[in-house]
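1. my questions are about this predicted structure, shown below with the sequence.
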Amino acid sequence: AEKLVNMRLHPQTIIQGYREAMNCALKALEDLSVNHVEDPEKYKEDMLKIARTTLSSKILTNDKEHFSQLAVDAVLRLKGSTNLDSIQMIK
């Protein structure tokens, strides 16, 4: 935004442009998104992909498949509940 201000664009114009770009990006993401919640196999595979991606940047890289499966199984056992008290970590 600093470059745009230096080009003498009004801050409100810059903000409006950013908001329009955000709305355009959100629409593109919504158009590209898929919902597999009705297909249990595809839904679980989506969850596994998310878990693997998350664990790729952690120290669990070598065991990410195992821990991804554990995490997804734990979340699926909640059956839509947001009560995470049922999931426990045992060291």
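-> Happy to help now that I have it. Numbers count the residues shown, from 1 in each chain.

2. and the nearest residue to residue 55 once chain neighbours are set aside, what helix or strand is that in?
-> Closest residue to residue 55 apart from its sequence neighbours, by Cβ to Cβ, 6 or more residues apart in numbering: residue 64 at 4.0 Å. C-betas here are computed from N, CA, C, even on glycine. For residue 64, the host element (DSSP states H and E) is helix 64-77.

3. same for that helix, what does it pack against?
-> helix 40-56 (3 or more Cβ pairs under 8 Å, 6 or more residues apart in numbering; DSSP states H and E).

4. contact partners of the helix it packs on?
-> 36, 37, 61, 64, 65, 67, 68, 69, 71, 72, 75, 76 (Cβ atoms under 8 Å, 6 or more residues apart in numbering).

5. so which pair among the residues you listed is furthest apart in space?
-> The span of the contacts of helix 40-56, defined through Cβ to Cβ, is set by 37 and 61 at 29.1 Å.

6. residue 46: neighbour count?
-> By the measure other Cβ atoms under 10 Å, the count of residues near residue 46 is 16.

7. whoops, residue 50 was the one
-> Applying other Cβ under 10 Å, I find that residue 50 has 14 neighbouring residues.

8. residue 44 versus that one, what's the distance?
-> Residue 50 sits 11 Å away from residue 44, going by Cβ to Cβ, to the nearest Å.

9. can you pull the contacts of the residue nearest to residue 55?
-> 51, 52, 55, 56, 58.

10. which of those residues are buried?
-> 51, 52, 55 (16 or more other Cβ atoms under 10 Å).

11. export the residues you listed to a markdown table and tack on pLDDT and distance to residue 15?
-> Below are the buried ones among the contacts of residue 64 laid out as a markdown table (pLDDT from 0 to 100; distance: Cβ to Cβ, whole Å):
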| residue | pLDDT | distance to residue 15 |
| --- | --- | --- |
| 51 | 91 | 37 |
| 52 | 90 | 38 |
| 55 | 84 | 37 |
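
12. need the CA coordinates for stretch 6-16. PDB is fine.
-> Only the C-alpha atoms of stretch 6-16 are listed here, as PDB (Å, rounded to 0.1, in the frame of the first residue of the first chain):
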ATOM      1  CA  ASN A   6       3.500   7.300  -2.800                       C
ATOM      2  CA  MET A   7       1.700   7.400  -6.200                       C
ATOM      3  CA  ARG A   8      -0.800   9.800  -4.500                       C
ATOM      4  CA  LEU A   9      -3.700   7.400  -4.400                       C
ATOM      5  CA  HIS A  10      -6.100   8.200  -1.700                       C
ATOM      6  CA  PRO A  11      -6.100   5.700   1.200                       C
ATOM      7  CA  GLN A  12      -9.800   5.100   0.900                       C
ATOM      8  CA  THR A  13      -9.400   4.200  -2.800                       C
ATOM      9  CA  ILE A  14      -6.600   1.800  -1.800                       C
ATOM     10  CA  ILE A  15      -8.800   0.200   0.900                       C
ATOM     11  CA  GLN A  16     -11.700  -0.100  -1.600                       C
END
